[in-house]
Every structure is written in C-alpha cells, then in structure tokens.
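S.K.: Sequence first, predicted coordinates after that:
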Amino acid sequence: MPELPDVAAFESYFASSALHQHISKTSVLDKRILKDTTPGALGRSVKGGAFEETRRHGKYLFARVDGRGWLVLHFGMTGGLEYFKRNGDVPRYGRVVFDFSSGYSLAVISQRLFGRVGFADDLDEFVHRQDLGPDALGPGFTAKYLADYAAEHAVQVKSLLMDQSAVAGLGNIYADETLFQARIHPKTRTGELSKKDIARLHRVIQRVLKTALRHDANTKQLPKTYLVRHRKKGEKCPACGGKIETATVAGRTSYFCPKCQKAPSKEAVEYPCRLNIKCSIVMGWQLQHCR
C-alpha cells in the first residue's frame, strides 16, 4: 500500500510530466475506480483545462485544474502513474487516461482496483470530509498534537500511527520502521508512553519519512540500519543481531525486534462487546472506554 513517501514520489512524477499541458480528452477505462463522480462528470471537470499545481495530504495526491477544482488520486495497493506517448497501447492496468494536446498521455494505474479517482471542488473540505488528521510532515503535526491525541485515545501505539484520522500518511511499513527506530514495541499502549517517549516518537516519524523522501521511497536504498531492509521473520536485527519477530497489531502483521523493542509491562487484550464498546482486560481488571 503506497504510503506518504510513495505518494510524494508520485507527486514529483506527476509534476515533472503532466503539469501545464492542455487536456484534450479523458478516458475512463474502468469506472469501478471512480469515487463520488462519473466518467462524464470527470471528463467535463478537466476537459480543456490544465493541471496547474499538485499537493499531497497523507496518502492522497491532488492536482488543481485551472480554477475549477482538484483531481483526487488515492493509489491503494499496486497503484501508480505512467506518462506515455500516445502512439501505442494504453499501459497495462491503466484505468483512467488523460490525453494532452502534446500527443502524450497520463494513465492512472491500478492493478487490483484498490485505487480511487475523484474530483473535489474544495481541498480543505475534502480533507475534513474524509476525516483525515494532519499530514505527518505538515505543520499541524506537532509533538504537542501527538501528545494530546495519545492522551485522549487509549490504543496500542501502532494502531494510532496507522489511523489516518490521527495522522495522515503512515502505513504498515513506515509505522513499523518508526517504532523500531524509536525502540518502542508496537503493542505498547499510549497510556504507557511518557512525554519523552512521545517527543522521541514525533522526531523519529519526521526523520524516517524525510529519509525515505530523500531516497524516492525506494526501500532498498534506505540505510542498512533500517528495519525495512531486514523485514522478514527470523532475519537478524540490524541493531543488536537478535531475531526479528512478528505479531498482529491493528489487523496487520507487524515486524519488530523483541530485544530492542521491549514488550509493554501491561499487555491489553481488546475485543468488541454487544454494546459496540471496546473493553480492555489489564491484569485481571476490566477497563471500559468508548471509541
């Protein structure tokens, strides 16, 4: 699943290929990729215009069409972009194609159709409607914001990092990397984190993502001290040489080093009840809280 660094790389690709070109035609080759629009409406929204600028928020990429609004792209799993000369076949798995008067085209790729293409009149309203938290590299994501959010939400820390309404942009890979670099176990609950832990976590999020950006989201080029280079059960930890282990957290397989990332002292077990309330059993005591 593309995460913030991947989408930033897509943004650079989009900007270097498709900006400031006259859009002559839009072809929707599979309407299942569309979100809150139709093939006709999308075509009318962009035809005759030009993509003037790009923006990114979390895992979303936006491209402004003159003064009309914003093309919305979410790449899902196996998504991407391909700029090509219009004298042959459309790239494989191309779902939406924007033709330019230059004779070139831009295809939105989505092999498994998990991506989404839409159009938004107002960018801020769209972000609000999607309940997206601040971008992980944006000015709104501060250490204080993270501390306040963690204090109000009693969850495992990895669940918080992957919750797009808490912070937009992190997914499974970079959440694991952040926790490894911060030496925090993924099952640690937010209530067990000190102020220093939260501040360190915030710094590491920024550092990990910026490092990934410098390497164009190519995980094979990240430092050898990064977990992602050794992300396999039983692989040696790049820090201590111990064995990497896995656990299921937030419904996803998490990779961590049990030596570098000590297990929480009180491991909570969460489950849904009949009243749709999430409860926790901690050392024999039931703590109830609504979510």
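M.R.: Good, I have the coordinates.

S.K.: Who are the contact partners of the nearest residue to Thr225 once chain neighbours are set aside?
M.R.: Counting by CB to CB, 6 or more residues apart in numbering, Pro238 is the residue found nearest to Thr225 once chain neighbours are left out, at 5.0 Å. In short, each C-beta sits where N, CA and C put it, glycine included. Contacts here follow CB atoms under 8 Å, 6 or more residues apart in numbering; on that basis Pro238 touches 224-227, 229-230.

S.K.: Identify the farthest-apart pair in those residues.
M.R.: Lys224 and Leu227 (10.5 Å; CB to CB).

S.K.: Comparing those two, which residue is more hemmed in?
M.R.: Leu227 (25 against 7; other CB atoms under 10 Å).

S.K.: In this structure that one contacts Asp176, no?
M.R.: Yes. Counting by CB atoms under 8 Å, Leu227 does reach Asp176; the two are 6.1 Å apart.

S.K.: which residues are in contact with both of these two?
M.R.: 255-256.

S.K.: between the contacts of Pro238, which is nearest Trp70?
M.R.: Tyr226 (33.6 Å).

S.K.: ok, back up a step: want to try JSON lines for the contacts of Pro238, with pLDDT and secondary structure as columns?
M.R.: Output for the contacts of Pro238, formatted as JSON lines (pLDDT from 0 to 100; DSSP: H, G, I helix; E, B strand; the rest coil):
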{"residue": "Lys224", "pLDDT": "95", "secondary structure": "coil"}
{"residue": "Thr225", "pLDDT": "97", "secondary structure": "coil"}
{"residue": "Tyr226", "pLDDT": "98", "secondary structure": "coil"}
{"residue": "Leu227", "pLDDT": "98", "secondary structure": "helix"}
{"residue": "Arg229", "pLDDT": "94", "secondary structure": "helix"}
{"residue": "His230", "pLDDT": "95", "secondary structure": "helix"}
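
S.K.: hmm, back to that, for the residue nearest to Thr225, give its distance to Thr38.
M.R.: Distance of Pro238 to Thr38, computed by CB to CB, to the nearest Å: 49 Å.

S.K.: Ok, Leu209 next?
M.R.: 35 Å.

S.K.: Looking at the two, which has the bigger crowd around it?
M.R.: Neighbour totals were compared for Leu209 and Thr38, and Leu209 leads with 23 against 11 (other CB under 10 Å).

S.K.: And what about the more buried one, helix, strand or coil?
M.R.: For Leu209, the assignment made with DSSP: H, G, I helix; E, B strand; the rest coil gives helix.

S.K.: So Thr211 sits against Pro223, correct?
M.R.: Yes. Using CB under 8 Å, Thr211 is in contact with Pro223, at 7.1 Å.

S.K.: Looking at those two now, which is surrounded by more residues?
M.R.: Using other CB under 10 Å as the criterion, Thr211 and Pro223 rank with Thr211 on top: 16 against 10.

S.K.: Contact partners for the more buried one?
M.R.: Contacts of Thr211 by CB under 8 Å, 6+ apart are 222-223, 226.

S.K.: Kindly recompute the last result at 10 Å.
M.R.: Applying CB atoms under 10 Å, 6 or more residues apart in numbering, we find Thr211 in contact with 5, 177, 181, 221-223, 226.

S.K.: Now, of the residues you listed, which are buried?
M.R.: 5, 177, 181, 222, 226 (16 or more other CB atoms under 10 Å).

S.K.: The first one should be in a strand, yeah?
M.R.: No. Counting by three-state DSSP, Pro5 is not found in a strand; it is helix.

S.K.: That one against Gln221, yeah?
M.R.: No. Under the criterion of CB atoms under 10 Å, Pro5 is not in contact with Gln221, lying 11.4 Å apart.

S.K.: May I see the contacts of Pro238 organised as a markdown table, with distance to Ala263 added?
M.R.: Listed next are those as a markdown table, based on distance: CB to CB, whole Å:
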| residue | distance to Ala263 |
| --- | --- |
| Lys224 | 26 |
| Thr225 | 22 |
| Tyr226 | 22 |
| Leu227 | 17 |
| Arg229 | 23 |
| His230 | 20 |
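
S.K.: Which members of the buried ones among the contacts of Thr211 are the farthest-apart pair?
M.R.: Pro5 and Gln181 (14.5 Å).

S.K.: Where does the prediction get shaky in the protein?
M.R.: 266-291 (pLDDT under 70).

S.K.: mind listing the helices for it?
M.R.: 4-18, 39-46, 123-129, 143-152, 157-162, 172-182, 195-214 (DSSP state H).

S.K.: Would you convert the ones you listed into TSV that also reports distance to Gly79?
M.R.: Formatted as TSV, the helices of the chain follow (distance: least, CB to CB, whole Å):
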stretch	distance to Gly79
helix 4-18	8
helix 39-46	17
helix 123-129	18
helix 143-152	28
helix 157-162	18
helix 172-182	15
helix 195-214	18
